[in-house]
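Enquirer: Sequence unavailable; structure follows:
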C-alpha cells in the first residue's frame, strides 16, 4: 500500500481509539470536518476531553507540524512504523506543549509550529510522555451512595 498522509492519519486515529478502549475509556472518533482541532473525544459523566492525534511515518519523518494553539485538550503523537508491528505513542496535555514546540515564527503560515520526534528528542525532552495514557484516563468517581456509607462509618 502506498504511504500517504490521509491513510497514516486514519491509522493513527484508530490506533489511539483502540488504546483508549482497551483502558475502558469511553471514546469516539470525530466524523468529518465538523470537529476542528480534535480527532477523538473522551466522554465521562462530568466532562468531555478533546484529543488531537498527529501521526508521522517514523523513522522516515521526525517532525510533527501543526497549529497547536487551541481546539483540543490533549495531543497524542503516533509514530507509525510500517515495518515493525508496534507503533509508539506520546501523550501530552495541551498546557505542556508550548515548552516542547519550536519557537513561534511569524513567517510560517497559520501559526504552525513543530514538535521534533528525533531519537535525541525522545531520549530527553519527550521521553516522559511515551505511553502516558494515564493523563487521558478519567479518575474513578465515587457515587453518592459510597460517600454516604463512608461518612457513616467514619462517625461510628
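Expert: Okay, I see it. Keep in mind that this is a model prediction, so the values were computed, not measured.
Enquirer: CA atoms for contacts and neighbours, from now on please.
Expert: OK.
Enquirer: and the closest residue to residue 59 other than its chain neighbours, how many residues sit next to it?
Expert: Leaving out its chain neighbours, the residue that sits closest to residue 59 by Cα to Cα, 6 or more residues apart in numbering is residue 81, at 6.9 Å. Using other Cα atoms under 10 Å, residue 81 is surrounded by 15 other residues.
Enquirer: repeat for residue 60
Expert: By other Cα under 10 Å, 10 other residues sit near residue 60.
Enquirer: Confirm that it sits in a helix.
Expert: No: Residue 60 is assigned coil when assessed by DSSP: H, G, I helix; E, B strand; the rest coil, not a helix.
Enquirer: Beyond the strand ranked longest in the chain, next helix or strand please.
Expert: Assignment by DSSP state E gives strand 48-57 as the longest strand of the chain. Remark: after strand 48-57, the chain's next helix or strand is strand 63-66, criterion DSSP states H and E.
Enquirer: And the helices in this protein?
Expert: 5-22, 94-97, 119-123, 144-155 (DSSP state H).
Enquirer: which residues does residue 116 form a beta bridge with?
Expert: residue 63 (DSSP bridges).
Enquirer: Number the residues from 388 up from this point.
Expert: Taking 388 as the first residue, the last one we looked at is residue 503.
Enquirer: Residue 449 is in contact with that one, correct?
Expert: Yes: if you go by Cα atoms under 8 Å, residue 503 and residue 449 touch, sitting 5.9 Å apart.
Enquirer: what about residue 405, distance to residue 414?
Expert: Here residue 405 is placed at a distance of 9 Å from residue 414 (Cα to Cα, to the nearest Å).
Enquirer: sorry, back to before: so the residue nearest to residue 446 sits against residue 442, correct?
Expert: No: using Cα under 8 Å as the test, residue 468 is too far from residue 442 to be in contact (10.1 Å).
Enquirer: Show the contacting residues for the spatially most central residue of the chain.
Expert: In the chain, the centroid-proximal residue (Cα atoms, centre = their mean) is residue 463; its distance is 2.4 Å. Residues counted as contacts of residue 463 (Cα atoms under 8 Å, 6 or more residues apart in numbering) are 403, 438-441, 476-479.
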